[in-house]
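# Requesting a structural model of the entry that follows:
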Amino acid sequence: MGNDFDEDHRGAPPESWAAPFRKALSLRGRLEARVKWYFVWARRFAASLADKPLRLATREDAEEFLSTLASSPGIAAWQVEQATDALTILLSSVFGQEWARTIRIPAPPAPPDVPLPKGDEPAERLRYAIRCRRYSVRTEESYVFWVSRFLAFCRDGGVEQDTDSVRAFLERLVMAKQMSASTQGLALNALVFYFKHVVGTPFGDLGEFQRSKRSRKLPVVLSREEVRRLLDAVETAYRLPVALMYGGGLRLMEVLRLRVKDIDLDRRQIAVRDGKGQKDRMTVFPERWRERLAVHLIEVRKIHARDLELGYAGTTFWPALERKYPGTPREWAWQYIFPASRLSVDPANGKTRRHHLHETALQRAVRFAARKADIAKPVGCHTMRHCFATHLLESGADIRTVQELLGHSDVSTTMIYTHVLNRPGLAVRSPEDL
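Coordinates of the predicted model:
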């Protein structure tokens, strides 16, 4: 683009609107590194008006431009949001158009495999917006649940869906329902998404409101001997995934979603794809389970071969990627390492596939093994991840290394494990033993 961001599309001098626009962006706290892109969207909008001056732009002009942008190939949702923000600031702050403060972000076009909403119910429109952004099924169900509760709260109380009602709803969760900080935060995230992508108008600053106090809890950590007892007590069919959760620090769904291509036995690495926060990372593979995994994969390959002989569609796969590579779901490299014992029918297209092992089966196996091993601690699948981090730190591993292996964005999250270490300064003896 060069240095022409401060010029109007008709060659007008910079002071016609560029200088006030830059000042407005600065006052709104927009990062200097992104200012040039705000000028890009402003110039493209000005070009779409043909001979009409920017000061005479109407709401219809802005919404038509944004709708065209949203349906353009190669334009991501965040770019549409950025363009909407640019037009809002330009038209409201520079040209004094009050209507520009309520410009709505257009919904992205529906992918071919996402059905259009059948009605105008908020829940249907919410599901549509979530599926267009490829959020997980768990996120969809959670957001629909909390938005439905909020709408019922507004309907029963006869109040409008605005900032005040959001604040009142969140406070009610704490004061009347005694819900935790994480639950209140989840409800807030759902409402932020609903107002931004369904209503089209963010509800703004909530100000001060009653928040649930977030308690600081230490993770439950087993000793190395307790981990060995637990692994010995786990049923044979579930022992390997539990061992990988401990040996690689994997979350429950991360280990279940592992595919054959994600494990490199030669380099002793596990590639975690689309982990929490849609982040990829590499972690270690426990060498002592190498032979057990090799034997397991032989059995899995036999199951896969039988599925192919019967003409099944293979493993579950991303719809858009399957349209591009139709045969990929049947390839060995993409099969789940821990497949389900039963086949399932994909509701989107009616194809028979083999999903991964269900998480509840692994959760029950771990709880049963803890009771069988007589471990008097609340043990779950995530406990194995806690043990991985703590035992690494106990053995002298650098906390930054552990942070990378766990996939934590902030080292302060990893620091929680230093509170359960038996190290000088923490290994304080009771005065009764002195």
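# Now for the nearest residue to Met245 once chain neighbours are set aside: which residues touch it?
Once its chain neighbours are removed from consideration, Met245 has its nearest residue in Met384; the separation is 4.0 Å (C-beta to C-beta, 6 or more residues apart in numbering). Heads up, the C-betas are built off the backbone N, CA and C, glycines and all. The contact partners of Met384, taken as C-beta atoms under 8 Å, 6 or more residues apart in numbering, are 227, 242, 245-246, 366.
# element containing Met384, please.
Assigned by DSSP states H and E, Met384 belongs to helix 381-394.
# Next SSE downstream of that helix?
Proceeding C-terminally, helix 381-394 gives way to helix 399-406 as the next helix or strand, assigned by DSSP H and E.
# now for that next one, which elements pack on it?
On a contact count with 3 or more C-beta pairs under 8 Å, 6 or more residues apart in numbering; DSSP states H and E, helix 399-406 meets strand 281-284, helix 381-394, helix 411-414.
# and it, average pLDDT?
For helix 399-406, the mean per-residue pLDDT is 91.
# Same question for that helix: list its buried residues.
402-403, 405-406 (16 or more other C-beta atoms under 10 Å).
# Arg59 reaches Ile103, doesn't it?
Yes - with contacts defined as C-beta atoms under 8 Å, Arg59 counts as touching Ile103 at a distance of 7.3 Å.
# When the two are compared, which one has more neighbours?
When Arg59 is set against Ile103 and neighbours are counted by other C-beta atoms under 10 Å, the residue ahead is Ile103, at 20 against 14.
# how much space is there between the more buried one and Pro202?
Ile103 sits 11 Å away from Pro202 when distances are taken as C-beta to C-beta, to the nearest Å.
# got any residues that touch both of these two?
With contacts taken as C-beta under 8 Å, 6+ apart, Ile103 and Pro202 have no neighbour in common.
# Give me the below-cutoff pLDDT ranges for this structure.
Counting by pLDDT under 70, the chain contains low-confidence residues at 1-15, 71-74, 105-120, 212-215, 347-348, 420-434.
# Show me it divided up by domain.
Per the record's domain assignment (automatic domain parsing), the chain is made up of the domains 14-102, 122-199, 224-417.
# can I get those in JSON lines with distance to Gln210?
Formatted as JSON lines, the entries for the domains of the chain read as follows, by distance: least, C-beta to C-beta, whole Å:
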{"stretch": "domain 14-102", "distance to Gln210": "27"}
{"stretch": "domain 122-199", "distance to Gln210": "4"}
{"stretch": "domain 224-417", "distance to Gln210": "26"}
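# related to what we said a few turns ago, and which of the buried residues of helix 399-406 is nearest to Gly96?
Sorting these by distance to Gly96 puts Gln403 at the head of the list, at 49.0 Å, by C-beta to C-beta.
# nearest spatial neighbour of Ile399, skipping sequence neighbours?
Sequence neighbours aside, Thr414 is the residue nearest to Ile399 in space, at 5.8 Å (criterion: C-beta to C-beta, 6+ apart).
# So what's the residue count around that neighbour?
19.
# Tell me where this structure has strands.
Defined through DSSP state E, the strands belonging to the chain, from first to last, are 263-264, 269-272, 281-284, 344-345, 352-353.
# With Val220 as the reference, name the closest of those.
With C-beta to C-beta as the criterion, Val220 lies closest to strand 281-284 of the strands of the chain, at 21.0 Å.
# Pull up the pairing partners for that closest one, direction included.
Taking DSSP bridges as the criterion, strand 281-284 pairs within the sheet with strand 269-272 (antiparallel).
# Buried ones in the partner strand, by neighbour count?
Result for strand 269-272 [16+ other C-beta under 10 Å]: buried residues 270, 272.
# now what about that strand, what contacts it?
Contacting residues not belonging to strand 269-272 are listed as 244, 248, 250, 254, 258, 261-264, 280-285, 407 [C-beta under 8 Å, 6+ apart].
# Stretch 75-91 now?
Contacts made with stretch 75-91 from outside it, assessed by C-beta under 8 Å, 6+ apart, are listed as 17, 21, 24-25, 28, 30, 34, 37-38, 41-42, 44-45, 54, 57, 62, 65-66, 69-70, 97, 100-101, 103-106, 108, 133.
# Which ones among the residues you listed lie within helices?
When the contacts of stretch 75-91 are checked against helices using DSSP state H, the ones located there are 21, 24-25, 34, 37-38, 41-42, 44-45, 62, 65-66, 69-70.
# Narrow the residues you listed to those that are buried.
Those of the ones in helices among the contacts of stretch 75-91 that meet the buried threshold are 21, 24-25, 37-38, 41-42, 45, 62, 65-66, 69-70, by 16+ other C-beta under 10 Å.
# which residues does the residue nearest to Gly200 when sequence neighbours are not counted contact?
With C-beta to C-beta, 6+ apart as the criterion, Gly200 has its nearest non-adjacent residue at 3.2 Å, and that residue is Arg104. Contacts of Arg104 were listed using C-beta under 8 Å, 6+ apart, and they are 63, 84, 200-201.
# Quick check: chain neighbours aside, which residue is closest to Val94?
Beyond its immediate neighbours in the sequence, the residue positioned closest to Val94 (C-beta to C-beta, 6+ apart) is Pro20, lying 4.7 Å away.
# The one you found: how many residues sit nearby?
By other C-beta under 10 Å, 14 other residues sit near Pro20.
# now do Ala333
Applying other C-beta under 10 Å, we find 9 other residues in the vicinity of Ala333.
# distance of the closest residue to it other than its chain neighbours from Phe285?
Leaving aside its chain neighbours, Ala333 sits nearest to Lys261 (4.1 Å; criterion: C-beta to C-beta, 6+ apart). As defined by C-beta to C-beta, Lys261 lies at a distance of 14 Å from Phe285.
# Quick check on those two: which one has the bigger neighbour count.
Relative neighbour count places Phe285 above the other of Lys261 and Phe285, with 19 against 14, counting by other C-beta under 10 Å.
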